[in-house]
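S.K.: need a structure here:
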Amino acid sequence: MSTPTPSVHSGPSRRFVRPRAVIRHTALWCIASTLAGAAWASTPGEKVVCTDAPRSAWLNEAQARTHFEAQRYVLVRFKVSRGNCHEFYAIEPSGAVVESYQHPVTGQTVRSTRIPPPDIPTPTSGKPRP
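M.R.: As a prediction, this is how the structure comes out:
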């Protein structure tokens with residue numbers, strides 16, 4: 001009996017091309033990640049306190065996202081802060097980063113911070129770079 005010889009595989013024969021939307025969202029996420037330390041986090045001394053109401057009286061996450069108008073943003077992260085606020089981190093289509101604290105019972109904005117997008121030079125097409 002002969003044993004089969006292993007075949008040598010040189011890699012995939014097709015290239016995988018990502019859709020432009022995935023590349024754009026990845027680029028925005030990279031920009032936001034770069035700004036994460038400075039733009040998203042409040043300083044440790046800045047504790048925003050919203051309510052002492054029981055959690056049974058709070059809006060659920062879906063209702064809170066509606067009040068925040070999450071559909072306006074490319075990426076939205078939600079969490080409950082130490083001060084019992086609904087805390088949102090979001091990226092606008094322009095690339096600006098938003099940190100917002102919402103009252104969990106009323107849905108009103110308690111504090112909101114917006115960091116404008118960084119000025120990234122656009123490469124010119126057809127011209128060689130120095």
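S.K.: only C-alpha atoms for contact and neighbour calcs from this point on.
M.R.: OK.
S.K.: Can you pull the poorly scored residue ranges out of the protein?
M.R.: The chain contains residues with pLDDT under 70 at 1-45, 122-130.
S.K.: Let's see that with 90 instead.
M.R.: 1-49, 82-83, 117-130 (pLDDT under 90).
S.K.: Strands of that one, residue ranges please.
M.R.: 75-80, 86-91, 97-102, 109-115 (DSSP state E).
S.K.: Might you report the residue contacts of His85?
M.R.: Check again: residue 85 is Cys, not His. By Cα atoms under 8 Å, 6 or more residues apart in numbering, the contact set of Cys85 is 48-51, 101-104.
S.K.: any chance of those residues in CSV, with distance to Glu69 and neighbour count too?
M.R.: What follows is those, written out as CSV (distance: Cα to Cα, whole Å; neighbours: other Cα atoms under 10 Å):
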residue, distance to Glu69, neighbour count
Val48, 21, 16
Val49, 22, 14
Cys50, 19, 20
Thr51, 21, 14
Tyr101, 13, 27
Gln102, 12, 24
His103, 14, 20
Pro104, 15, 25
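S.K.: wait, which of those residues is closest to Thr113?
M.R.: Distance to Thr113 across these (Cα to Cα) is lowest for Tyr101, with 9.1 Å.
S.K.: excluding its backbone neighbours, what's nearest that closest one?
M.R.: Once flanking residues are discounted, Tyr101 sits nearest to Glu87: 4.6 Å by Cα to Cα, 6 or more residues apart in numbering.
S.K.: The one you found and Val105: what is the separation?
M.R.: Distance, Glu87 to Val105, by Cα to Cα, to the nearest Å: 13 Å.
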